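*Asks:* structure here, sequence nowhere to be found:
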């Protein structure tokens with residue numbers, strides 16, 4: 001029986017040559033013994049749906065590996081860096097990621113690509129036990145999304161045998177995130193910036209994390225204090 005996952009396995013050898021394209025999708029359907037109509041019933045957007053599935057399957061593999069890892073002796077920044085490395089390790093086909101980066105850079109696909117990167121950041125924070133319910137929910141994921149996007153681009157160009165250059169790059173970017181968090185904390189301690197920080201905190205106190213996965217919007221504006 002043909003499923004979206006069997007189509008994904010079938011399309012990967014074609015992606016290296018044809019990208020996440022209609023041609024690759026048609027070839028995958030043929031390899032699975034399915035008609036194009038049957039394949040479209042599973043993936044209405046064709047190869048684009050399989051590119052999304054390829055990414056989310058990588059997220060799921062990363063979460064499984066992260067939950068199995070012993071993080072007890074790690075600083076929190078090291079846990080985040082380790083999670084990012086595990087996400088790269090979950091990639092089964094680097095060329096598919098390269099082709100996917102080109103796909104999600106297209107104007108009509110960019111919102112989907114941004115959502116996928118946000119989903120990766122969310123998966124990492126959630127797996128690490130983040131319980132933020134205020135604006136920090138968004139700032140953590142936004143900064144990690146930027147980090148992960150930069151890491152993927154660097155990793156795609158890293159041709160070292162052991163990937164040490166990418167590991168070092170991850171550590172530098174995570175350090176930048178921690179510096180930003182320290183900067184936010186320092187605003188509340190500096191007499192010159194404390195009034196501004198207090199006003200900003202009161203404003204952002206209305207911003208709440210998503211209340212349910214089924215919500216159409218990523219968050220909500222609350223009038224409760």
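*Replies:* Good, I have the coordinates. Because the structure is predicted, anything quoted here is derived from the model rather than measured.
*Asks:* quick check: which ranges of the chain have low pLDDT?
*Replies:* 180-208, 211-225 (pLDDT under 70).
*Asks:* separation between the residue nearest in space to the middle of it and residue 141?
*Replies:* Nearest to the geometric centre of the chain sits residue 120, at 2.4 Å (Cα atoms, centre = their mean). Residue 120 sits at a distance of 9 Å from residue 141 (criterion: Cβ to Cβ, to the nearest Å). (Each C-beta comes from the backbone N, C-alpha and C, glycine too.)
*Asks:* and if you look at residue 167?
*Replies:* According to Cβ to Cβ, residue 167 stands 22 Å off from residue 141.
*Asks:* more neighbours: those two, which one.
*Replies:* residue 141 (24 against 18; other Cβ atoms under 10 Å).
*Asks:* out of everything not next to it in sequence, what's closest to the more buried one?
*Replies:* residue 121 (4.4 Å; Cβ to Cβ, 6 or more residues apart in numbering).
*Asks:* swap in residue 93?
*Replies:* residue 12 (5.2 Å).
*Asks:* quick one, strands of this protein?
*Replies:* All strands of the chain, identified by DSSP state E, fall at 207-208, 220-221.
*Asks:* list the buried ones in stretch 25-35?
*Replies:* Using 16 or more other Cβ atoms under 10 Å as the test for burial, stretch 25-35 gives 25, 26, 27, 28, 29, 31, 32, 34.
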